[in-house]
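Engineer: show me how the following folds:
(one chain, ligands or ions: 1)
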Amino acid sequence: MTSADLGDPCTSTMQMCKPQKTHKMAPVSRCSGKSFRLNQEQRPLKIVRASYQYLYDNANAEYLDCVNSVSHVGHCHPVVVKAASATMECNITTQGWDIDYGDIRYPVKLRQTLPDYLDTFLFCNSGSEAVDLSLQLCQLYTRGTDVVVIDNAFHGSIDSVHHLSPKVFKANNISKADWVHIVAMPDLYRGQDPGAVDKYISDAREVVQNIRHTGKKIACFIAEPMLTVPGIIIPPSTWVQEIYKMVHEAGGLCIADEVQAGLGRIGSHFWSFQALDVNPDILIIGKTIGNGYPMASVVTSREIAAVLGDRIKEYKCSPLMDAVGCAVLEVLEKEHLMAAAASVGSFLQDQLKTLQHQHEYIGDVRGKGLMVALEIVWSKESKKPAQEVAEQIVHRMKDEYVILANEGCNRNILMLMPPMCFTKDNAISLVQRLEKVLSELPKHRHSQDDTAHLSPMPQASQSTVCEGRLGIIQPQEEEDDDGEDDSSSSNKDTMDLEYTQHSYQDLD
Ligand code: PMP
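Structural biologist: Numbering: from 1, shown residues only. Predicted coordinates for the structure are as follows:
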């Protein structure tokens, strides 16, 4: 007797789904993000399962995952999986009438981590949807239209949100919307002089004042309080505080996008805005709160949420979100993962800084808790981004069973944002293997002209044409599906943007 005879649900569903006719189907195109391309070309990785901070391929080889921050408490964490499947087994969905699902506990639990005034939770399925909803809230509440964003930011992958993401519109040759205004990101690695912070603040002030002078009204400022997407940039708190002040004075609201940096990852605080001592009017959380299950939330005050009127009921917490969200918080607490992020993260940074002294290519090691960046440069003196070297490292580390990704607008930043169960032993093993790979590279390379010493990198097999509502023409390379890092330096020369890109040097 087979399992199908016994009514095994998996097998019988698979049989029902089998195509009846055997006509030849076109192959499904494989889309992998740029950051992961290096793991897919030359000996492509076929990951078939995952557990905590480890990924396993089809030959059962184990890889240390240093990049999947979405699986916040660990891939397939049994507590989360159990909570989700138990709820799915008994939960029903209906159209048209209310079911008594019992008490929803998640917003109450989440509220314990937040300041009192953030007392209203609107739930949706993705970070992008949450950003779009926040934008609506701000525009309705302030009656303003214009938005201030940070250069190279990414806030999601739907139409309205692309406009708020310089990383996306710059990489895709799309003109900046005239209601969007960009302030320079405070890159204190390159802008190290004592007056740098003041210059960044006055740049932001100029942007805000210009909006006011043209008679437009600011709806909001949206930013990751700690900028993960452009390469883990921890801004000076005075810079963030000053921008919040300017925007509030201009009648706008401030949105903190904590999709990546929230939920204890920085180690010292549960939310990164708390470490910078600012009070956002709206907080956006997503992905990590569901350990990968698609859920997100816009957290704000009752007063701001009221502008939605009756629509507010569309953003309820479902029983499944409730179960998953509570399970993630429970694991975080029981396994002391925030404290672990602080100690493992600082241990990792110390180890990497030791490595930095020995290797010319490591220009900077920075971060907080379990979000750490290594900036790869041609030489410490020039600080020139070395994308080719970063790619070589990612590629070689895969052979050493460690998964890394090169990110940032010059794709030269190795970002370490592993699941929060990453241990000190994992940090040691990562650093040892990194040391081995770095020691294979030729020493003291001062120029990007001589790349012959680097093994040739595999080329993308084909580029994908993407057409979206924004009229994306034809990216040179595939889109990141999660948008972690889309900015393409190769497109820079051909870009025809309406705005001037700021660099630290431009800010005088
Ligand atoms: N904000 C940030 C900072 C992100 O990194 C992302 C995507 N990773 C989003 C928003 C969008 O979230 P989602 O992919 O769930 O739409």
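Engineer: so what's the residue count around C90?
Structural biologist: 7 (other Cβ atoms under 10 Å). The way it works is simple: take the backbone N, C-alpha and C, and place the C-beta from them, glycine included.
Engineer: typed the wrong thing, it's T113
Structural biologist: 16.
Engineer: quick one: pLDDT of Q476?
Structural biologist: Residue-level confidence at Q476 comes out at 34, pLDDT.
Engineer: so what's I413 closest to, chain neighbours aside?
Structural biologist: Leaving aside its sequence neighbours, I413 sits nearest to G231 (Cβ to Cβ, 6 or more residues apart in numbering; 3.9 Å).
Engineer: could you measure from the residue of the stretch 101-250 of the chain at minimum distance from the ligand over to V402?
Structural biologist: The nearest approach of the stretch 101-250 of the chain to the ligand comes at G127, 2.3 Å away (Cβ to the nearest ligand atom). Going from G127 to V402 by Cβ to Cβ, to the nearest Å gives 27 Å.
Engineer: run the chain-centre distance for stretch 267-277.
Structural biologist: Computed by Cα atoms, centre = their mean, to the nearest Å, the separation of stretch 267-277 from the middle of its chain amounts to 17 Å.
Engineer: what's in contact with it?
Structural biologist: 113-114, 224-226, 235, 237, 240-241, 256, 258, 261-266, 279-280, 283, 338-339, 341-343, 345-346, 368-370 (Cβ atoms under 8 Å, 6 or more residues apart in numbering).
Engineer: does H181 count as helix, strand or coil?
Structural biologist: strand (DSSP: H, G, I helix; E, B strand; the rest coil).
Engineer: now do V149
Structural biologist: Assigned by three-state DSSP, the conformation of V149 is strand.
Engineer: now the closest residue to Y315 other than its chain neighbours: which helix or strand?
Structural biologist: Leaving aside its sequence neighbours, Y315 sits nearest to L122 (Cβ to Cβ, 6+ apart; 3.7 Å). Per DSSP states H and E: L122 is located in strand 120-124.
Engineer: what mean pLDDT does that strand have?
Structural biologist: The model assigns strand 120-124 a mean pLDDT of 97.
Engineer: after it, which helix or strand is next?
Structural biologist: Next element after strand 120-124 (DSSP H and E): helix 127-142.
Engineer: which ones are touching the residue nearest to Y315?
Structural biologist: 130, 133, 297-300, 305, 308, 312, 315.
Engineer: quick one on the thing from earlier: the contacts of stretch 267-277, buried ones only, as a PyMOL selection?
Structural biologist: To isolate the buried ones among the contacts of stretch 267-277 in PyMOL, judged by 16 or more other Cβ atoms under 10 Å, type:
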select buried, resi 113+114+224+225+226+235+240+241+256+258+261+262+263+264+265+266+280+283+338+341+342+345+346+368+369+370
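Engineer: restricted to strands, list the contacts of stretch 267-277.
Structural biologist: 256, 283, 368 (DSSP state E).
Engineer: nearest to W378 among the residues you listed?
Structural biologist: K368 (26.4 Å; Cβ to Cβ).
Engineer: ok, the closest one to L348 distance?
Structural biologist: 11 Å.
Engineer: ditto for E388
Structural biologist: For E388, the distance to L348 - Cβ to Cβ - is 25 Å.
Engineer: neighbour count for these two, which is higher?
Structural biologist: L348 (25 against 20).
Engineer: which helix or strand contains the more buried one?
Structural biologist: Secondary structure from DSSP H and E places L348 in helix 337-358.
Engineer: which other helices and strands does that helix contact?
Structural biologist: Here helix 337-358 is seen to pack against strand 362-368, strand 371-376, helix 424-440 when contacts are counted using 3 or more Cβ pairs under 8 Å, 6 or more residues apart in numbering; DSSP states H and E.
Engineer: still on that earlier bit, tally of neighbours for the residue nearest to the residue of the stretch 101-250 of the chain closest to the ligand when sequence neighbours are not counted?
Structural biologist: Nearest non-adjacent residue to G127, counting by Cβ to Cβ, 6+ apart: G286, 3.2 Å away. Using other Cβ under 10 Å, G286 is surrounded by 26 other residues.
Engineer: got the contact list for the residue of the stretch 101-250 of the chain closest to the ligand?
Structural biologist: By Cβ under 8 Å, 6+ apart, the residues touching G127 are 155-156, 257, 259, 284-287, 296.
Engineer: same thing but at 10 Å, please
Structural biologist: By Cβ atoms under 10 Å, 6 or more residues apart in numbering, G127 lies in contact with 154-158, 161, 257-260, 284-289, 294-297, 482-483.
Engineer: cool, and C317?
Structural biologist: 101, 104-107, 110, 121-123, 295, 297, 325.
Engineer: which residues touch the closest residue in space to I92 that isn't next to it in sequence?
Structural biologist: Counting by Cβ to Cβ, 6+ apart, I92 lies nearest to I99, which is 6.6 Å off, once chain neighbours are set aside. When contacts are counted by Cβ under 10 Å, 6+ apart, I99 is found next to 91-93, 319.
Engineer: is G292 in contact with V80, as I believe?
Structural biologist: Yes. Assessed by Cβ atoms under 10 Å, G292 is found in contact with V80 at 8.6 Å.
Engineer: please consider this matter closed, and thank you.
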